[in-house]
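**Q** have a look; sequence and predicted model below, questions after that.
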Amino acid sequence: MDWEFAGEVIEWRGPAPFVFVDIAAELSEAIKDEARGLIYWGQVPVEATIGRTRFTTALFPKDGRYLLPVKVAVQRAEEVVEGDVVDVALALRRSR
């Protein structure tokens with residue numbers, strides 16, 4: 001299943017500062033339901049597109065929703081910064 005949504009770019013300081021797209025709770029629940037069997041250590045493997053940049057990553061669970069990590073290469077290519085609202089296309093990655 002594929003999803004398209006707009007989300008705010010946020011910074012979350014875990015072990016190091018990272019930039020993520022915050023995924024709404026309802027969409028996070030739909031992703032979790034569809035990803036049964038793919039989830040490992042709470043993470044969901046996905047392929048995402050922001051702008052013209054496609055990349056693979058894994059969604060991080062946080063407070064009942066998912067966060068989409070935005071790699072530095074994607075941030076630079078698409079000029080994404082904290083506070084931006086970006087359009088995202090997301091698909092489950094069924095093979096690693």
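**A** Happy to help now that I have it.
**Q** pull the residues that contact stretch 37-54.
**A** With contact meaning CB atoms under 8 Å, 6 or more residues apart in numbering, stretch 37-54 is reached by 21, 31-32, 35, 55-61, 66, 68, 70, 73-74, 77-78, 80, 86-94, 96. C-beta: built from backbone N, CA, C; applies to glycine.
**Q** okay, strands next: where are they in this structure?
**A** 2-13, 17-22, 44-50, 53-62, 65-69, 85-92 (DSSP state E).
**Q** weakest of the ones you listed by average pLDDT?
**A** Out of the strands of the chain, strand 17-22 stands lowest, with a mean of 87 (criterion: mean pLDDT).
**Q** helices or strands up against it?
**A** Contacting strand 17-22 under the criterion 3 or more CB pairs under 8 Å, 6 or more residues apart in numbering; DSSP states H and E are the following elements: strand 2-13, strand 65-69.
**Q** okay, now the sheet partners of it, with direction.
**A** strand 2-13 (antiparallel), strand 65-69 (antiparallel) (DSSP bridges).
**Q** and the longest one, what's buried?
**A** By that I understand strand 2-13. W3, G7, V9, I10 (16 or more other CB atoms under 10 Å).
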